[in-house]
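Trainee: here is a sequence with its predicted model. Questions after.
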Amino acid sequence: MEPSFFYGAMYVNYGLTVALSVAVFVISSLIFGLSLLQCFAAIVIALLILAPFNLRLSRIIWINMFVHFDKKFKKK
């Protein structure tokens, strides 16, 4: 893999974390009625727990933009 692959995956990861942060904020403030500080704590906890998942998901999304899966190809 080239180093630029990981740079691209970092941008995808940034987008995923922003989307997750907004979703957690909206859910925690509108549904649960938490204060701003409690919403911030919920965002930090969610990001820490889901960090490994987000990293792998961002790499999968980034590689699938450029390399497509071929069912007919088999390694020998």
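Mentor: Received it, and whenever you're ready, just let me know what you need.
Trainee: helices of the protein, start to end?
Mentor: Secondary structure of the chain (DSSP state H): helices at 3-26, 36-64.
Trainee: can you count the residues close to Gln38?
Mentor: 13 (other C-beta atoms under 10 Å). For every residue, glycine as well, the C-beta is placed using N, CA and C.
Trainee: correction: Val24
Mentor: 19.
Trainee: my guess is it meets Ile49, correct?
Mentor: No - using C-beta atoms under 8 Å, Val24 makes no contact with Ile49, being 10.7 Å away.
Trainee: coming back round to it: just send the helices of the chain back as CSV, with distance to Lys71 and mean pLDDT too.
Mentor: Shown next, in CSV, are these (distance: least, C-beta to C-beta, whole Å; pLDDT from 0 to 100):
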stretch, distance to Lys71, mean pLDDT
helix 3-26, 23, 93
helix 36-64, 15, 95
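Trainee: adding distance to Phe73, write those out as a markdown table.
Mentor: Output for the helices of the chain, formatted as a markdown table (distance: least, C-beta to C-beta, whole Å):
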| stretch | distance to Phe73 |
| --- | --- |
| helix 3-26 | 20 |
| helix 36-64 | 15 |
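Trainee: cool, thanks, talk later.
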